[in-house]
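>>> Just a sequence and a predicted model for now, questions to come.
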Amino acid sequence: MSAFVFREDSYARTLPVTVTAVTPEGGIVLDRTIFYATSGGQPGDTGRLERANGQFIAIAGAVHPDGDKTAILHLPATDQPQPEVGEALTAVLDWERRHKLMRIHTALHLLSVVLPYPITGASVSEDKGRVDFNLPDSPDPAEVERQLNALVEAGHPVSSEWITDAELEANPGLIKSMNVKPPMGQGRVRLVRIGDIDLQPCGGTHVANTREIGPLKLGKIEKKGAINRRVTVFFA
Ligand SMILES: [Zn+2]
């Protein structure tokens, strides 16, 4: 199991961990973590680190320090106690928030199936997600919403598998995003598979079955430049 447990098990809500470093700014480094760090348009997780004495350290976010995708810094909220290096803690996610992010994130994969156009940007929050497509003409929002909800209700399983960087380079058609590069450089890349309808490299967190996303509604489709359309998805 990797140090980034959320990549293997996005449903892990708590995890025994050990502090390996505390930065001068108070960022906490752990030997392993369930906190997803901000990247690829998905915000970092929030939650808390529980100490053996019952105290806890509220965590307001998680980031990759200086963009280093091999490391994660846990950022305490203001006025939190600072742990000792070597201290054993229990990491606990704000699961309600994370699960919403997983549902919206997975919904955006389905949106890329309904609208199979090059992607120029994407972002996920607790109540909505949006994707910018390289798409000169606006699609019919009602039809997009109908197809999207049909894919949710079809109950497609979501799974992941790993390939090498070289295998991904040999199959550039897997990459849907034009400017969010897949997390390469660590020798292997995770692919996320949704039934037999979608397969793409992604480092985010996903639900295990599309039915878990629940009903969705589409916002208005916005024009963002001559050949760009922004499509926003909400929980219905
Ligand atoms: Zn994803």
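Arrived safely. Not measured: the values here are computed from a predicted model. Numbers count the residues shown, from 1 in each chain.

>>> From now on I want contacts and neighbour counts done on CA atoms only, so please keep to that.
Will do.

>>> for the ion, what are the nearby residues on this protein?
With CA under 5 Å from the ion as the criterion, the chain comes near the ion at residues Cys202, Gly204.

>>> what number of residues lie near Gln200?
Per other CA atoms under 10 Å, the neighbour tally for Gln200 reads 19.

>>> partner residues bridging it?
Per DSSP bridges, the residues bridged to Gln200 are Val192.

>>> where in this protein is pLDDT low?
The model of the chain has pLDDT under 70 over residues 1-2, 178-185.

>>> what ranges do the helices span in it?
Applying DSSP state H to the chain gives helices spanning 5-8, 95-114, 141-153, 165-170.

>>> Tell me which residues touch Val144, please.
Shown in contact with Val144 (CA atoms under 8 Å, 6 or more residues apart in numbering): Val114, Leu115, Leu218.

>>> quick one on the thing from earlier: which of the helices of the chain is buried the deepest?
helix 95-114 (a mean of 22; mean count of other CA atoms under 10 Å).

>>> Now Ala107. Nearest residue, chain neighbours left out?
Ile213 (6.7 Å; CA to CA, 6 or more residues apart in numbering).

>>> typed the wrong thing, it's Lys100
Glu126 (5.4 Å).

>>> What is the burial count for that neighbour?
Residues within reach of Glu126, counting by other CA under 10 Å, total 19.

>>> need the contact list for it.
Arg97, Arg98, Lys100, Leu101, Ile104.

>>> Pick out whichever of these sits closest to Ala88.
When these are ranked by distance to Ala88 (CA to CA), Arg98 comes first, at 23.5 Å.

>>> was I right about that closest one contacting Asp45?
Yes - if you go by CA atoms under 8 Å, Arg98 and Asp45 touch, sitting 6.6 Å apart.

>>> Val124: neighbouring residues, count only.
Counted with other CA under 10 Å, Val124 comes out at 24.

>>> thought it was touching Gly40?
No - Val124 is beyond contact range of Gly40, at 9.0 Å (criterion: CA under 8 Å).

>>> what sits against the residue most central in space within the chain?
What sits nearest the mean C-alpha location of the chain, by CA atoms, centre = their mean, is Gly204, with 2.9 Å. By CA under 8 Å, 6+ apart, Gly204 lies in contact with Arg7, Tyr36, Ser39, Gly40, Gln42, His105.

>>> tell me, how many neighbours does Val29 end up with?
Other residues near Val29 number 20, with proximity taken as other CA under 10 Å.

>>> That one contacts Leu75, doesn't it?
No - at 9.3 Å, Val29 does not count as touching Leu75 under the criterion of CA under 8 Å.

>>> where along this structure do the strands fall?
Along the chain, counting by DSSP state E, strands occupy 14-22, 28-30, 47-50, 56-63, 73-76, 88-93, 119-124, 128-134, 158-164, 188-194, 198-201, 216-218, 222-223, 228-235.

>>> Can you say which of those is nearest to Pro141?
strand 216-218 (6.6 Å).

>>> Output the contacting helices and strands for that closest one.
helix 141-153, strand 228-235 (3 or more CA pairs under 8 Å, 6 or more residues apart in numbering; DSSP states H and E).
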